[in-house]
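Q: Any chance you can model this:
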Amino acid sequence: MAVPPTKKVLLSALAERVRQIERPRASSHGVFSFGFEAIDRALPAGGLARGALHEILGGGEEDGALAAAFAALILGPLAAEGGRILWCLAKADLYGPGLAAAGLDPSRLLLAETSREDLLLWAMEEGLRTPGLAAVVGETRRLDLLSSRRLQLAAERSGIPAFALRHRRKGEKAALSCGLPNAAASRWRIGPLPSIAQKGEPGVGRAHWRVELLRCRGAAPAFWEMEVEDGAGLVFVAPGVADRPLAKEEGSPLYAAL
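A: Numbers count the residues shown, from 1 in each chain. Next comes the predicted model:
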């Protein structure tokens, strides 16, 4: 049976009201843009909330470097605005030239190293309470509901964005990579794809990633294929798959530079 026009209008208004409620409260601090139109267009208010916790998953074993490189792409413009970035990690194995190639100046980092998971989460929370920081990053193996809720609340109060980088190390169970439900405002998964050699260019080609938005308040899941040119600050996004749901993945189209 067809729905009367009046009820259609009411249902549309109700759906819009629900979308507004689902938008993160942290957006009161504003958002920051990826700088990539295809991704920004899929996010509420055109970017990620500043006062919020965002989770980035590596696609598999030893994919921590990939998650860190993706985070560096996001953090580079934030660091350029001023302030330093607190990066909490269990082992001081960040590769400075790699971060610089992704657009993040290593001199803008403050490193906090601890092998204890509880201390790492504590350092992240304290960082979110520290004025003057541009962002807080933590390479954590555990992100349960309680810990993530504390980080989310601290980010909402200060307006400082937080990023939890999570990846499965060799021999660990896959559940560590996926994790239990948590309070992060968005969840991303970054995985490697075969590089595409460019005509006339030596080597194996540019870095090629699959970037998945698994969850974000006020946005639908989506994925993109990205190709990153080291040191040039150029990112190529496959526009043909930019707004498709995960279940409708098809072949890779041509790349367009943004």
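Q: quick one: contacts for Arg187?
A: His54, Glu55, Leu57, Leu213, Leu214, Arg215, Cys216 (CB atoms under 8 Å, 6 or more residues apart in numbering). C-betas here are computed from N, CA, C, even on glycine.
Q: which of the residues you listed lies closest to Ser195?
A: Leu57 (21.2 Å; CB to CB).
Q: After the strand or helix carrying the closest one, which helix or strand is next?
A: Leu57 is located in strand 53-61, with elements delineated by DSSP states H and E. Next helix or strand after strand 53-61 toward the C-terminus (DSSP H and E): helix 64-80.
Q: Tell me the helices and strands packed up against the next helix or strand after that next one.
A: As assigned by DSSP H and E, the chain's next helix or strand after helix 64-80 is strand 84-89. With contacts defined as 3 or more CB pairs under 8 Å, 6 or more residues apart in numbering; DSSP states H and E, the packing partners of strand 84-89 are helix 64-80, strand 109-113, helix 117-128, strand 133-139.
Q: Give me the neighbour count for Ala92.
A: 9 (other CB atoms under 10 Å).
Q: residues in contact with it?
A: Leu111, Glu113.
Q: What's opposite the closest residue to Pro194 other than its chain neighbours in the beta bridge?
A: Closest residue in space to Pro194, ignoring its immediate chain neighbours: His208 at 6.4 Å, by CB to CB, 6 or more residues apart in numbering. Judged by DSSP bridges, the bridge partners of His208 are Glu227.
Q: Could you list the low-confidence segments of the stretch 1-150 of the chain?
A: Residue ranges of the stretch 1-150 of the chain with pLDDT under 70: 1-5, 7-8, 15-27, 59-63.
Q: so how far does stretch 87-104 reach from one end to the other?
A: 12 Å (CA to CA, to the nearest Å).
Q: how far is it from where the chain is centred?
A: Centre-to-centre, stretch 87-104 and its host chain are 16 Å apart (CA atoms, centre = their mean, to the nearest Å).
Q: Any buried residues in that stretch, and which?
A: Trp87, Cys88, Leu89, Ala90, Leu94, Leu99, Ala100, Ala101, Ala102, Gly103, Leu104 (16 or more other CB atoms under 10 Å).
Q: could you dump the residues you listed to JSON lines with distance to Gly76?
A: Shown next, in JSON lines, are the buried residues of stretch 87-104 (distance: CB to CB, whole Å):
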{"residue": "Trp87", "distance to Gly76": "13"}
{"residue": "Cys88", "distance to Gly76": "19"}
{"residue": "Leu89", "distance to Gly76": "18"}
{"residue": "Ala90", "distance to Gly76": "23"}
{"residue": "Leu94", "distance to Gly76": "14"}
{"residue": "Leu99", "distance to Gly76": "9"}
{"residue": "Ala100", "distance to Gly76": "9"}
{"residue": "Ala101", "distance to Gly76": "10"}
{"residue": "Ala102", "distance to Gly76": "7"}
{"residue": "Gly103", "distance to Gly76": "3"}
{"residue": "Leu104", "distance to Gly76": "4"}
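Q: Pick the one among the residues you listed closest to Trp188.
A: When the buried residues of stretch 87-104 are compared against Trp188 (criterion: CB to CB), the nearest one is Ala102, at 15.0 Å.
Q: tally of neighbours for the residue nearest to the closest one when sequence neighbours are not counted?
A: Computed as CB to CB, 6+ apart, the closest residue to Ala102 that is not its neighbour in sequence is Ala72, at 3.7 Å. Using other CB under 10 Å, Ala72 has 23 neighbouring residues.
Q: Spell out which residues sit in contact with Ala72, please.
A: Gly98, Leu99, Ala102, Gly103, Leu104.
Q: May I see those arranged in TSV, with distance to Ser186 and secondary structure as well?
A: Formatted as TSV, the contacts of Ala72 follow (distance: CB to CB, whole Å; DSSP: H, G, I helix; E, B strand; the rest coil):
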residue	distance to Ser186	secondary structure
Gly98	24	helix
Leu99	21	helix
Ala102	19	coil
Gly103	20	coil
Leu104	19	coil
